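In: heads up, no residue letters with this:
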């Protein structure tokens, strides 16, 4: 196996573990901002497909072990994937990764949660927009934390180094050259 592939699997496993452990600890009722932080960081480090896989694994583990409702999946997978897609389409703008998470989870995930919770789980008294305020609130909190964290990594040149070591696309060309030289 290539070194990059092993590093990607290790990073994915660490993000899943952190997401499972930290989500129930640092949460506000109806919001899970740390899940959004993990989604955005995974999107920037590994890309949209790994971020989708990470969110899916975290959701399945939380639903299985912690009895969390299906919101753990519907409230995470759309934002995780769109965060990575927006990041790539923007040419590596961290703010776009955050906006992808806010739109994907805050709007699409919230709207997808309504039929799941109403018709599958049997929860009554919900409207189609019931989850939008709390999902957007959670994504804004987690997105802000992710933005500050990733910008600090970018300023120090560590973001490009991590992306280079993981075999991900590095958008900061100056930092990419430094990262490539430091691994030689």
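Out: Everything's here; your move. Model, not experiment: these values are computed from the prediction.
In: tell me where this structure has helices.
Out: For the chain, the helices defined by DSSP state H cover 3-25, 33-46, 48-66, 71-74, 77-89, 94-103, 110-115, 132-156, 158-166, 173-182.
In: of those helices, which is nearest residue 126?
Out: Distance to residue 126, taken as CB to CB, is lowest for helix 110-115 among the helices of the chain, at 5.9 Å. Any C-beta I mention is one placed from the backbone N, CA and C, and that applies to glycine too.
In: re earlier: any idea which of the helices of the chain scores lowest on pLDDT?
Out: Here the helices of the chain differ in mean pLDDT, and the lowest is helix 173-182 at a mean of 62.
In: picking up where we left off before, check the helices of the chain for me and report the most buried one.
Out: Compared across the helices of the chain, helix 33-46 shows the largest average neighbour count, a mean of 28 (mean count of other CB atoms under 10 Å).
In: what packs against it?
Out: Helix 33-46 is packed against helix 3-25, helix 48-66, helix 77-89, helix 94-103, helix 132-156, helix 158-166, with contacts defined by 3 or more CB pairs under 8 Å, 6 or more residues apart in numbering; DSSP states H and E.
In: ok, the spatially closest residue to residue 98 that is not a sequence neighbour to residue 19 distance?
Out: Excluding the flanking residues, the one nearest residue 98 by CB to CB, 6 or more residues apart in numbering is residue 143, at 3.9 Å. For residue 143, the distance to residue 19 equals 15 Å [CB to CB, to the nearest Å].
In: then residue 97?
Out: 16 Å.
In: still on that earlier bit, residue contacts, the residue nearest to residue 98?
Out: 36-37, 40, 98, 101-102 (CB atoms under 8 Å, 6 or more residues apart in numbering).
In: any chance of the residues you listed in TSV, with distance to residue 84 too?
Out: Below are the contacts of residue 143 laid out as TSV (distance: CB to CB, whole Å):
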residue	distance to residue 84
36	13
37	14
40	9
98	12
101	9
102	14
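In: most widely separated two among the residues you listed?
Out: Farthest pair in the contacts of residue 143, by CB to CB: 37 and 102, 12.5 Å.
In: what sits closest to the most centrally placed residue in the chain if chain neighbours are left out?
Out: In the chain, the residue lying closest to the centroid (CA atoms, centre = their mean) is residue 39, at 0.6 Å. Spatial nearest neighbour of residue 39, chain neighbours left out: residue 80 (4.0 Å); criterion: CB to CB, 6+ apart.
In: next one: that neighbour from residue 36, what distance?
Out: Taken as CB to CB, the span from residue 80 to residue 36 is 9 Å.
In: give the residues shared as contacts by those two.
Out: Common neighbours of residue 80 and residue 36 (CB under 8 Å, 6+ apart) are 101, 105.
In: so residue 58 is in contact with residue 75, correct?
Out: No: using CB atoms under 8 Å, residue 58 makes no contact with residue 75, being 10.9 Å away.
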